[in-house]
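**Q** quick one: sequence plus predicted model below, questions after.
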Amino acid sequence: MSYKFEPTWNKGQSFFKNAAPKKLQNWLIDRNSLTRLLTCACLKQQEKFRVDVFHEAWEKPLLSESKLLGMRSNELAFVRQVHLYCGDTPWVYARTIIPGSTLHGELQKLTNLGSQPLGAVLFANKHISRDTIQIAKLTRTHTIFSTAIMHNSLVVTSAPTSAVKNVWGRRSVFRVTGKPLLVSEFFLPDLPDYRA
């Protein structure tokens, strides 16, 4: 099996949304706060939403991430990777890339969020805008696939890690007072139907 590090991201939302499983289609294109949507969906299951931060470091982003953010190829960014849980079940793998040039003034706090959801901070800021949503399908041929689903092997889920063949995701650049950061979100097998 040949591996490549990241999937192909597509801007044709309607086409790629429709190619995704039906229960994910609305998750992929909703422009509202994912944190708020997940919290509401989790409450319906009488569980608590939580963030598990498993990696934060200054490192080189992926090539397409650097390009989207207008960064130089050798430039470092603050990379935050988390799993978003409902109770003990992972629902989303999220990866955030924040260029150093974004982290000035009050935005420096984005490197010290701990288990606080990034979405809660972003959507509370009245100076936020969001670029076009891009959609991709992550498969076992992508080396970040195992990172996305790694917590599935730690809990009892409807789709054990060995049964997961692909994971659909989306990404978009957020701008806070014009300063960019990139958020990618991959929806895991136990995420409920958007309408559930």
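**A** Okay, I see it. Numbers count the residues shown, from 1 in each chain.

**Q** what residues sit buried inside the top helix by length along the chain?
**A** Looking across the chain with DSSP state H, the single longest helix is helix 34-44. Within helix 34-44, the residues scored as buried using 16 or more other Cβ atoms under 10 Å are 34-35, 37-39, 41-42. Backbone N, C-alpha and C define where each C-beta goes, glycine included.

**Q** mind giving me the packing neighbours of the helix or strand immediately after that helix in the chain?
**A** Following helix 34-44 in sequence order, the next helix or strand is strand 49-59 (DSSP states H and E). Judged by 3 or more Cβ pairs under 8 Å, 6 or more residues apart in numbering; DSSP states H and E, strand 49-59 is in contact with helix 34-44, strand 77-86.

**Q** for Arg80, give me its contacts.
**A** By Cβ atoms under 8 Å, 6 or more residues apart in numbering, Arg80 lies in contact with 53, 55-56, 95-96, 98, 113, 118.

**Q** separate out the buried members of the residues you listed.
**A** By neighbour count, with 16+ other Cβ under 10 Å, these hold 56, 95-96, 98, 113, 118 as buried.

**Q** distance of Arg170 from Val79?
**A** According to Cβ to Cβ, to the nearest Å, Arg170 and Val79 sit 18 Å apart.

**Q** neighbour count: those two, which is higher?
**A** Arg170 (24 against 19; other Cβ atoms under 10 Å).

**Q** doesn't that one belong to a helix?
**A** No - read with DSSP: H, G, I helix; E, B strand; the rest coil, Arg170 is strand and lies in no helix.

**Q** wait, it touches Leu138, no?
**A** No - between Arg170 and Leu138 there is no contact under Cβ atoms under 8 Å: 11.0 Å.

**Q** other SSEs contacting the helix or strand of the chain with the lowest mean pLDDT?
**A** Here the helix or strand of the chain ranked lowest by mean pLDDT, DSSP states H and E is helix 13-19, holding a mean of 73. Using 3+ Cβ pairs under 8 Å, 6+ apart, the elements in contact with helix 13-19 are helix 25-29, strand 134-139.

**Q** which neighbouring elements make contact with the longest one?
**A** Using 3+ Cβ pairs under 8 Å, 6+ apart as the contact criterion, the secondary-structure elements in contact with strand 134-139 are helix 13-19, helix 145-149, strand 166-176.

**Q** what of the shortest one?
**A** For helix 25-29, the helices and strands in contact under the criterion 3+ Cβ pairs under 8 Å, 6+ apart are helix 13-19, strand 166-176.
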